[in-house]
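> I need the structure of the sequence given here:
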Amino acid sequence: MTDLSTVKGTTKRAYLSYLPKGAGLIWVLVLLCVIAAILSPAFLNPANITNVLRQIALFGIVSIGMTFVILTKGIDLSIGSILGVCAVSTALLLTSGMSVPLTIIAVLLIGILMGAVNGIGITIGGVPPFIMTLGMMVMGRGLALTLANGQPIGLGERAADFMWLGRGFALGLPVPVWIFLVVAAVAIFTLRYTSYGRQIYAVGSNEEAARLSGINVKAIVFSVYVISGLLASLTALIFVSRLTVGEPTAGTGIELEAIAITVIGGTSLFGGEGGILGTMIGAAILAVLANIMNLVGVSPFTQQIVKGAIIVGAVLYEMMRKRKKSS
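Numbers count the residues shown, from 1 in each chain. Below you'll find the model as predicted:
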């Protein structure tokens, strides 16, 4: 039997330690927006703001999946390749004549399946998450390139049927933003108010203690990789809808973006601490930062250096904080 009082206490401590970070992140985001407006008046252009919101949505959805994984002390390096496979699959299915609703369902199932393969390899095969998802990253990218014969696949006359998902608007906001907000709301409710969410925190905090309290650790770990795969496939659908092309290289490097966003958002790489609100703010911070660098003409190569430095800095901060707590 699961000791719910212990699990609830773990979740409460995780959230209490995370909330101060979330409050600080909001001020960082506000400061970045002010700096962006000063450096380039174009930042406040409605078209640019819309573009930033779409970027936040794309980064945010995959990062929510990564947050679930990292909360269990795991890592998923394969989300970019899953996105690529799903992007190519979307284009192939649509151009073959499949209806939009069936295509969406089929692509989401592909993402779930690839996430499940990761989960099975980790929980049943005993492969470390880093190695398993690294292998899936390589295999998935190869599969995407094979399916597309190494070439982008345009949607052709089906583009008009599908563009609403990535380019449409509802109540004044881009459709991807609404999708992101719905996904985030479901994730927040799940982690904060359900037994399943409390078990995720318990597994990440102390896997052995979680097992002894009756939690099916393997089932929890398996499930978070399925969630990650599902959200990567959802991002692929938005990506293809926005660009009207299935790129076999789509999603390259997005796993690093997701890790950076998750860590910036206050989720500990050591597991058991963090939350979705921080991930949402982290996605906004990274999207605004990328937009600032684009507006002032920073080279894409230099941008990679900045993002890498952010990841290293965030991890170093987390390690120093851990040492301080333990001393």
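> drop to CA atoms for contacts and neighbour counts, all remaining ones
Fine.
> would you map the helices across the stretch 201-327 of the chain?
Applying DSSP state H, counting those that start in this stretch to the stretch 201-327 of the chain gives helices spanning 207-212, 217-243, 254-264, 276-295, 300-326.
> figure out which of those is closest to Ser99.
helix 217-243 (13.7 Å; CA to CA).
> angle of the closest one against helix 254-264?
Comparing the axes of helix 217-243 and helix 254-264 via axes from the mean of the first three to the mean of the last three CA atoms, to 10 degrees yields an angle of 120 degrees.
> how about the helices in the stretch 1-150 of the chain?
According to DSSP H, counting those that start in this stretch, the helices that the stretch 1-150 of the chain contains are 4-39, 46-71, 79-95, 100-123, 129-147.
> show residues contacting the fourth one.
Taking CA atoms under 8 Å, 6 or more residues apart in numbering as the criterion, the residues outside helix 100-123 that touch it are 82-83, 86, 89-90, 93-94, 127-129, 132-133, 136, 161-162, 218-219, 221-234, 237.
> on that earlier part again, winner for burial among the helices of the stretch 1-150 of the chain?
helix 79-95 (a mean of 29; mean count of other CA atoms under 10 Å).
> tell me the mean pLDDT for it?
Helix 79-95 shows a mean pLDDT of 95.
> which strands and helices sit next to that helix?
Counting contacts by 3 or more CA pairs under 8 Å, 6 or more residues apart in numbering; DSSP states H and E, helix 79-95 is packed against helix 100-123, helix 129-147, strand 153-154, helix 217-243, strand 245-246, helix 254-264.
> what's the angle between it and helix 129-147?
Taking the same axes, to 10 degrees, one finds helix 79-95 and helix 129-147 inclined to each other by 30 degrees.
> from the middle of its chain, how far away would helix 79-95 be?
17 Å (CA atoms, centre = their mean, to the nearest Å).
> that helix vs helix 100-123, what angle?
Using the same axes, to 10 degrees: helix 79-95 against helix 100-123 is 150 degrees.
> contacting residues for Ile259?
Contacts of Ile259 (CA under 8 Å, 6+ apart): 63, 66, 311.
> can I get those in JSON lines with distance to Thr249?
Converted to JSON lines, the contacts of Ile259 look like this (distance: CA to CA, whole Å):
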{"residue": "Ser63", "distance to Thr249": "19"}
{"residue": "Met66", "distance to Thr249": "20"}
{"residue": "Ile311", "distance to Thr249": "23"}
